[in-house]
Each structure stands twice: as C-alpha cells, then as structure tokens.
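>>> Based on what follows, work out the 3D shape:
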Amino acid sequence: MPSDTPALPKLLLTAPEAARALSISPRALWALTAPRGPIPCVRLGSRVLYSPDALRRFIDQQQGGSGNE
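Next up, the predicted model:
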C-alpha cells in the first residue's frame with residue numbers, strides 16, 4: 001500500500017551521487033573536495049557526504065568566473 005506522506009528531499013548526497021550531479025568522476029570530485037579544493041563536505045563517521053546547496057554554490061562560483069553571464 002502506497003504511503004500518503006511525500007518523500008523528503010535528500011539533505012546530503014553520497015560521493016557517487018554528487019559526482020553524477022556535477023557530471024564529473026568521483027576521483028575528480030575527491031580532488032575538488034575540501035581541504036584540497038573548494039567543495040565542502042560533511043563527514044559522518046567514515047562517510048563523506050555533500051550538501052546539494054554546497055554543490056549549487058560551487059557551480060555558481062564557477063559560472064561567475066567564466067564571463068558567460
């Protein structure tokens with residue numbers, strides 16, 4: 001029986017999900033992850049997770065420096 005409660009949006013993405021969202025490889029994402037790069041991450045135990053908002057800010061920063069506004 002289907003649930004009547006709406007699905008909650010994901011608050012954090014795994015590394016493969018974040019890499020897929022950015023259309024880059026997980027290895028490229030790792031190189032861009034703080035402290036090596038500009039993308040902040042959330043560490044929960046041994047898991048490395050990414051905020052969709054942080055990924056959007058990273059994209060905005062990249063577009064801002066490209067001159068294609």
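>>> Strands of the chain, start to end?
13-14, 42-44, 47-50 (DSSP state E).
>>> Relative to residue 29, which of these is closest?
Nearest to residue 29, of all those, is strand 47-50, at 8.0 Å by C-beta to C-beta. For glycine as for every other residue, the C-beta is placed from the backbone atoms N, C-alpha and C.
>>> first vs last residue of stretch 30-45, how far apart are they?
End-to-end distance for stretch 30-45: 17 Å, by C-alpha to C-alpha, to the nearest Å.
>>> ok, and for that stretch, which residues are buried?
Neighbour counts over stretch 30-45 (16 or more other C-beta atoms under 10 Å) mark 30, 32-33, 39, 41 as buried.
>>> Which of these sits closest to residue 54?
Among these, residue 39 lies closest to residue 54 (C-beta to C-beta), at 6.3 Å.
>>> Please name the residues that touch the closest one.
29, 32-33, 50, 54-55, 58 (C-beta atoms under 8 Å, 6 or more residues apart in numbering).
>>> if I read this right, residue 42 contacts residue 12, doesn't it?
Yes - counting by C-beta atoms under 8 Å, residue 42 does reach residue 12; the two are 5.9 Å apart.
>>> overlap in contacts of those two?
Here residue 42 and residue 12 have 49-51 as joint contacts, going by C-beta under 8 Å, 6+ apart.
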